[in-house]
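Asks: Sequence and computational prediction follow.
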Amino acid sequence: MMRALNCTIAHFFGSWQEIFAGVRDGRHPDFVIYPLPALLSAGTLMFLFQLQARRQITYQLRENGPSRSKFQAWFGIEMFPHGDTLNYAFKKISPAKVQEVVCAMVARLIRKKVLYPYRLYDNFLVAMDGTGVLTFHQRHCEHCLTKKLNNGETLYYHPVLEAKLVCANGFVFSLMTEFIENASPQDSKQDCELKAFYRLSQRLKARFPLLPICLLLDGLFAGGPTFQTIHDYNWRFLIVLKDKDLPQVHRSYELVLSQTPENRKQICLDKQQKIVQEYYWATQIDYRDSLERHHTLNVITCKEADACTQKTTTFKWLTNLIPTAQNVDTIANQGGHLRWKIENEGFNSQKNGGFHLEHPYSQDENARKIFYFLLQIAHMLFQLIQKGSPFRKAFPKGVGSLKNIAFRLLEAWRNLRLTPQAFCSLYQGRYQIRFDSS
C-alpha cells in the first residue's frame, strides 16, 4: 500500500512539496517549526487514512515510531505535527491558494491525458450540484444560511456548490468549489445555488479558458440565464428537464415530435435484452426567456424498461448537443446518465464513505475551508490509488469495501518499518500506472 501511495504521488504530481509549492505561509517565520507543505500534507493524510477527526492524529500518527520515520523521509522532520498545529496554521492561509492546488492537480491529470478516454465528443464532463456540509442549531458564524423549521426552530447551515469532473469509470474529481454563504446576517436575501452557479461558472471559465466543457446539471438550472451563461462561455450542456419546468419547451417538443416520427431509436443495454431503452428527440426548439432572449434547444427523452423489476423510468434532457440516430444513446448513456455520479461517487462517498465531510474539522471559518479543500485532494488521491495498477497488482482480488483501502493505508503507514532511504526507494525507478476502466 505504501508503494501505491508513493508511486501515485510521484508519478502524477512529483512530491508533496510540489503539490503545495504555491501556497503562501501566513505565520511569523520566527515561530515556524513545521514547513507549510508538511502541515498541508499531514491534513491530507488525515483524510486519506480516514481518521475522522483532528485529535486522531495524536493517537494514530504522532506517537507512532514508523509513522515518524516516513514523515521524516518526506519532510526531514522527526515529529508528526499535532492536529491543533494544523488548525492554527490553516487560519492564516488563503483558501483561494489551496483551491488553486486542487485546480492545478486536475489540470495536471488533464495535461497527462489521464482523463482523455472519458470525454464526450472531446468535452470533459463537469457536473455541478450543491450539497450541505455543516449544520448547527446555533449561529456558527456571520456567514451562516438560515432555515426556519416547522417546529419554529432556526437551523444554521453551510452548503457548497461543487463543479466535479466526472468520468465513466467512476472518477469524480473536485474541479472547483463555490461556498454558498451570506456576506452578513443582515442580508435581505440569502445566498443560494443559482447565485453561486454564476459565480462558479465565471471562475471556472477564467481558470480553464480553453477547456472544452459539457456541464451536467439538474432541473434547478433549467432557465434562460443558465442557457445564456453557457452560450457565452462556449460550453456544452445536458440539463435535466422536469415535467413542470419550461412549459413552453414541453409544448414545442411535443409538436416537433409529432412531426418527426423518424426521431426514434431502440437499443438493448445487455445481451439478454432485459434492459431496453427507447429514445425520442427533437431539435431546433426555440425558447424565449423572460428577457426576450432566444435560445435554440434540443430535447432528448429516454424510456428505460427493466424486465427484471418490471419498471419503466423516463429521463429527459435539454442540450445544445445535436442528437441523431447515430449518437443519441451515446449522449444519454455517456453524458446525461453520469450526472448522478456527483451524488454517489462524489458527495455520498465523502459523507458516508469514511471521509466525514459533514464533520466540523475546525470552528474557524478560514481553517474550515482549508480542511474542505484538503479533503477534496485526499479523495482525488484515494481514487487514483484505488483504480491504479500498483494497488490492483498488490491486491488482485481486492480488499473488500473502499474503507478497507483506507484501513490498509493507515496500517501500512503505522506498522511498516522502513528507513527514510528505503521508504523513498518505493517510488524510485521507472514504472507505469494504468487504470481500471470498469
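Replies: Done, it's in.
Asks: dump the residue contacts of the residue nearest to Ser94 when sequence neighbours are not counted.
Replies: Counting by CB to CB, 6 or more residues apart in numbering, Ser94 lies nearest to Arg24, which is 6.7 Å off, once chain neighbours are set aside. The C-beta positions use only the backbone N, C-alpha and C, and glycine is treated the same way. If a contact means CB atoms under 8 Å, 6 or more residues apart in numbering, then Arg24 has Ile93, Ser94, Lys97 as its contacts.
Asks: and which of these is nearest to Thr419?
Replies: Relative to Thr419, the closest of the contacts of Arg24 is Ile93; by CB to CB it sits at 32.3 Å.
Asks: wouldn't that closest one be in contact with Val23 here?
Replies: Yes - applying CB atoms under 8 Å, one finds Ile93 in contact with Val23, separated by 6.2 Å.
Asks: Between the two, which is the more surrounded one?
Replies: Ile93 (23 against 19; other CB atoms under 10 Å).
Asks: and that one, backbone torsions?
Replies: When read as degrees, to the nearest 10, the backbone of Ile93 gives phi -110, psi 140.
Asks: and it, what is it in contact with?
Replies: By CB under 8 Å, 6+ apart, the residues touching Ile93 are Val23, Arg24, Asp25, Gly26, Leu36, Asn366, Ile370.
Asks: Return the subset of these lying in helices.
Replies: Here DSSP state H is the test, and the contacts of Ile93 give Leu36, Asn366, Ile370 as lying in helices.
Asks: among those, who's most crowded?
Replies: Neighbour count (other CB under 10 Å) singles out Ile370 as the most crowded of these, with 28 neighbours.
Asks: Could you check how many residues crowd around the closest residue to that one other than its chain neighbours?
Replies: Nearest non-adjacent residue to Ile370, counting by CB to CB, 6+ apart: Phe90, 4.0 Å away. Summarising burial for Phe90: neighbours were counted as other CB under 10 Å, giving 26.
Asks: pretty sure Gln432 contacts Pro390?
Replies: No - Gln432 lies out of contact with Pro390 (CB under 8 Å); the separation is 9.6 Å.
Asks: what about the two, which has more around it?
Replies: Ranked by neighbour count (other CB under 10 Å), Gln432 and Pro390 place Pro390 first, with 22 against 9.
Asks: residues contacting the more buried one?
Replies: Contacts for Pro390 (CB under 8 Å, 6+ apart) come out as Arg3, Ala4, Cys7, Thr8, Tyr431, Ile433.
Asks: tally of neighbours for the fifth one?
Replies: What it means is Tyr431. 12.
Asks: Just the buried residues of stretch 291-303, please?
Replies: His295, Leu297, Asn298, Val299, Ile300, Thr301, Cys302 (16 or more other CB atoms under 10 Å).
Asks: and if you look at stretch 402-414?
Replies: The neighbour-count check on stretch 402-414 (16+ other CB under 10 Å) flags Leu402, Ile405, Ala406, Phe407, Arg408, Leu409, Leu410, Ala412, Trp413 as buried.
Asks: Can you say which helix or strand has the second one in it?
Replies: Assessed by DSSP states H and E, Ile405 sits inside helix 402-415.
Asks: Let me know the average pLDDT across that helix.
Replies: Across helix 402-415, pLDDT averages out at 89.
Asks: before we move on, what about stretch 31-40?
Replies: 92.
Asks: now stretch 315-330
Replies: So the average pLDDT for stretch 315-330 ends up being 96.
Asks: Residue ranges in the stretch 301-438 of the chain under the pLDDT threshold?
Replies: Counting by pLDDT under 70, the stretch 301-438 of the chain shows low-confidence ranges at 437-438.
Asks: For it, just list every one of the helices.
Replies: 328-333, 349-352, 365-387, 389-394, 402-415, 420-424 (DSSP state H, counting those that start in this stretch).
Asks: Counting by contacts, list what the last one packs against.
Replies: With contacts defined as 3 or more CB pairs under 8 Å, 6 or more residues apart in numbering; DSSP states H and E, the packing partners of helix 420-424 are helix 2-13, helix 65-75.
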